[in-house]
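In: Build me a model:
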Amino acid sequence: MTCSSSAGQTLKPPAAAGAALVASSAAYWLAVVPVRPSCVAAFLPGLILGRAGAGLAQAPLFAAASSLQADRATSGSAVLNVSRQLGSAVGVALLVALLASPQPQSLALFHRGWILEASAAAAAALVLVLLRSRRPARGSRQAATIRTAGQLGAAQGTSAASRIGN
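Out: The predicted structure follows:
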């Protein structure tokens, strides 16, 4: 799923910040949660960080899907939802594998899960920071198609604005 270059530039910072917040929530839990944690004091700050990060990371995905052209909107929505479902399924499977133990109440097992969460979110943030927006090159087929369509409208004596008004 691609979005226009200006939309891609606008959507990357919140998504990268969101992924970084999710990673920081897991890092917070790794650093702060004691053996016998208090829900409010130990878990609540990490939950607030992580869920704010999830909101920041997911909103640009939905905005990018909604900015697609009409002929690509269904495919873009399908790719977005399949990737979210697949990511959830793989994440849960990895977490279950990490927590599989005769003593599942051990805090060390949860540390494994938080390390998984922090590393996956940090990798996502890094990819978003390093990702370049795709723009059609001046001589590309897409740019030539846009140029040809504009020339055709001009040759017929109509513009896109006049055709829309009719």
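In: next one: phi and psi at the spatially closest residue to Leu95 that is not a sequence neighbour?
Out: Setting aside the residues directly before and after it, Leu95 is nearest to Gly113 in space (C-beta to C-beta, 6 or more residues apart in numbering), at 5.2 Å. Quick note: C-beta positions are derived from backbone N, CA and C, even for glycine. The phi/psi pair for Gly113 (degrees, to the nearest 10) reads phi -60, psi -40.
In: Please tell me I have it right and Gly113 contacts Leu99.
Out: Yes. Gly113 lies in contact with Leu99 (C-beta atoms under 8 Å); the separation is 6.4 Å.
In: Compare these two (neighbour count), which wins?
Out: Gly113 (18 against 13; other C-beta atoms under 10 Å).
In: what residues are up against that one?
Out: Leu95, Leu98, Leu99 (C-beta atoms under 8 Å, 6 or more residues apart in numbering).
In: Test my guess that the second one contacts Trp114.
Out: Right, Leu98. No. Leu98 is beyond contact range of Trp114, at 9.9 Å (criterion: C-beta under 8 Å).
In: So for those two, which sits in the more crowded spot?
Out: Taking neighbours as other C-beta under 10 Å, Leu98 and Trp114 compare with Trp114 leading, 19 against 16.
In: Now do the same contact list for that one.
Out: Contacts of Trp114 (C-beta under 8 Å, 6+ apart): Ala26, Ala27, Trp29, Leu30.
In: Look up how far Gly91 lies from Asp71.
Out: With distances taken as C-beta to C-beta, to the nearest Å, Asp71 is found 32 Å from Gly91.
In: Out of those two, name the residue with the larger neighbour count.
Out: Ranked by neighbour count (other C-beta under 10 Å), Asp71 and Gly91 place Gly91 first, with 14 against 7.
In: For that one, which three-state class applies?
Out: helix (DSSP: H, G, I helix; E, B strand; the rest coil).
In: Need the per-residue pLDDT for the residue nearest to it when sequence neighbours are not counted.
Out: In space, Gly91 comes closest to Ala120 once its chain neighbours are excluded; the distance is 7.3 Å by C-beta to C-beta, 6+ apart. At Ala120, the predicted lDDT confidence score is 92.
In: how many neighbours does Ala120 have?
Out: When neighbours are defined as other C-beta under 10 Å, Ala120 has 18 of them.
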